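1. Just the structure for this:
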Amino acid sequence: MQIVTEHQLEDRFGALPWAEPRAVVSGNFATPRRLMALFDAAVESYRIFALNAQAGIPVRPGVVQETPFVGPGMRDLPSLDYLPMRLSLVPHLFARARPPDVVLVHTSTPRRGKVSLGTEVNLLPAAIEQARARGGLVVAQLNPKMPYTLGDGEIDVEDVDLAFEAHETLPSPERRPVRDLTAAIGEGVATLIEDGSTIQIGIGEIPDAVLASLRGVRDLGVWSEAISDGVLELERAGALDEDRTIVTTFLFGSPELYAFVDANPRVRVLRTETVNDPVTIASHPKMCSLNTALQVDLFDQANASFVRGRIYSGFGGQPDFVVGALHSDGGHAVIALSSWHEKSDTSTIVPRLTEPATSFQHSAVVTEQGRALIFGRSQRAQARLLIQETAHPCARAALWDALGAAPARPGGA
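-> Down below sits the predicted model:
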């Protein structure tokens with residue numbers, strides 16, 4: 001690893017041999033903003049690949065944005081090149097179809113000959129390996145404020161070509177009180193999680209509500225694409241199994257969470273193709289996968305990706321974890337959402353999706369109205385349960401009409 005100045009770095013970027021290099025950059029909430037700005041200033045035309053890009057990603061003529069999961073920084077851009085792909089397969093994408101030329105990472109400062117990718121590991125180890133295999137360039141923004149997380153994000157300094165130090169405060173979410181509606185959803189999901197379960201849970205209001213409802217459960221394991229402060233609160237409440245490591249691919253939370261994960265052997269931040277592998281997910285006992293959606297239809301198809309015909313996010317890890325949890329001994333694949341979308345004033349339980357499905361065949365759907373345990377039910381019984389147990393009362397009459405059946409308790413299969 002060669003430590004360089006910003007001016008030297010711009011010179012190296014300006015001398016890249018590719019006409020339109022593909023640059024993979026740390027995504028989610030770990031994007032190295034200073035490093036990205038230097039690259040953008042030095043390279044006229046390029047493709048930038050980032051996962052769940054936040055505001056501030058370069059948007060100008062000559063830049064094409066690529067991603068399998070669209071964040072607010074890329075959403076609705078005419079230059080966006082969306083890649084419909086579950087996250088567990090993206091490392092194959094780098095190897096077979098879209099190899100990276102440059103990888104821009106946000107890391108800790110070196111410790112014992114290594115740097116850590118910190119809060120965002122995810123797809124980056126695969127990108128680094130592919131770039132190095134084809135003679136590409138790996139560049140690190142060294143940040144003393146980035147925690148040194150253990151696992152697949154520990155990179156030998158020899159595998160980083162160029163680096164410079166830039167202090168950058170890591171973002172943290174605004175903590176908001178849990179609404180009564182969301183708390184009801186959290187409590188409904190929590191009834192499916194028992195002592196000894198393994199949980200996959202995301203970041204946001206509904207996951208936070210679920211985690212808050214689990215503080216009385218014991219011996220939980222965490223095998224998740226993402227973690228936030230709710231997992232730290234479970235650790236302090238004694239809900240987590242001390243003999244099981246907390247596993248994730250990225251994290252986002254308070255400075256307190258970042259301090260907790262720093263060099264903590266209780267936490268391992270691993271690469272996507274390991275954490276999101278459905279076979280590995282299925283190997284965990286009582287695996288409970290919690291995901292949310294924009295809509296669920298009476299065929300139990302969930303749309304978590306599209307709004308009015310336009311890509312909003314993407315598959316993410318949802319199909320990976322749904323499949324894995326369904327194959328786990330005692331597992332549950334849960335979709336949790338509000339029954340009514342306030343902004344559009346429409347039901348989120350619909351007769352049939354008009355948008356592409358993100359996942360299907362879940363074991364349960366939970367809203368603030370209740371929970372529908374649908375695994376193993378017939379198509380008609382499944383639809384009845386979704387209407388009776390999860391749909392908003394204002395939507396039920398239209399849903400019964402669409403089903404072509406009178407309201408009745410579902411019986412048998």
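
2. quick one: the closest residue to R12 other than its chain neighbours and P285, what's the gap?
-> In space, and not counting its chain neighbours, R12 is closest to L162: 6.4 Å by Cβ to Cβ, 6 or more residues apart in numbering. From N, CA and C alone the C-beta is placed, and that goes for glycine too. As judged by Cβ to Cβ, to the nearest Å, L162 and P285 stand 45 Å apart.

3. rewinding a little: around the residue nearest to R12, how many other residues sit close by?
-> Using other Cβ atoms under 10 Å, L162 has 17 neighbouring residues.

4. just the helices in the stretch 101-250 of the chain please.
-> 124-133, 180-190, 205-212, 229-237 (DSSP state H, counting those that start in this stretch).

5. where in the protein is pLDDT low?
-> The chain contains residues with pLDDT under 70 at 406-413.

6. domains in it, as residue ranges please.
-> When the chain is parsed with automatic domain parsing, its domains come out as 2-165, 180-403.

7. quick one: the last one to chain centroid distance?
-> Remark: domain 180-403 is offset 12 Å from the chain centroid, using Cα atoms, centre = their mean, to the nearest Å.

8. Span of that domain from start to end?
-> 30 Å (Cα to Cα, to the nearest Å).

9. Who are the contact partners of the nearest residue to G204 once chain neighbours are set aside?
-> Take G204 and drop its neighbours on the chain: the residue closest to it by Cβ to Cβ, 6+ apart is T292, 7.3 Å away. Contacts for T292 (Cβ atoms under 8 Å, 6 or more residues apart in numbering) come out as G202, G204, I206, P207, A304, I335, A336, L337.

10. what do you get if the cut-off is 6 Å, keeping everything else the same?
-> Counting by Cβ atoms under 6 Å, 6 or more residues apart in numbering, T292 touches I206, A336, L337.

11. Distance to E235 added to these, as CSV?
-> Formatted as CSV, the contacts of T292 follow (distance: Cβ to Cβ, whole Å):
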residue, distance to E235
I206, 20
A336, 22
L337, 27
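
12. got the helices of the stretch 101-250 of the chain as JSON lines, with distance to L142 and mean neighbour count columns?
-> Formatted as JSON lines, these follow (distance: least, Cβ to Cβ, whole Å; neighbours: other Cβ atoms under 10 Å):
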{"stretch": "helix 124-133", "distance to L142": "15", "mean neighbour count": "21"}
{"stretch": "helix 180-190", "distance to L142": "39", "mean neighbour count": "20"}
{"stretch": "helix 205-212", "distance to L142": "31", "mean neighbour count": "23"}
{"stretch": "helix 229-237", "distance to L142": "26", "mean neighbour count": "19"}
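
13. Adding distance to S378, write those helices out as CSV.
-> CSV is the format used below for the helices of the stretch 101-250 of the chain (distance: least, Cβ to Cβ, whole Å):
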stretch, distance to S378
helix 124-133, 42
helix 180-190, 23
helix 205-212, 28
helix 229-237, 36
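
14. nearest to T274, of those?
-> helix 124-133 (9.6 Å; Cβ to Cβ).

15. just checking, what packs against the closest one?
-> The helices and strands touching helix 124-133, judged by 3 or more Cβ pairs under 6 Å, 6 or more residues apart in numbering; DSSP states H and E, are helix 90-96, strand 102-107.

16. Same question for stretch 324-331: list its buried residues.
-> G324, A325, L326, S328, G331 (16 or more other Cβ atoms under 10 Å).

17. now stretch 246-255
-> The neighbour-count check on stretch 246-255 (16+ other Cβ under 10 Å) flags I246, V247, T248, T249, F250, L251, F252, G253 as buried.
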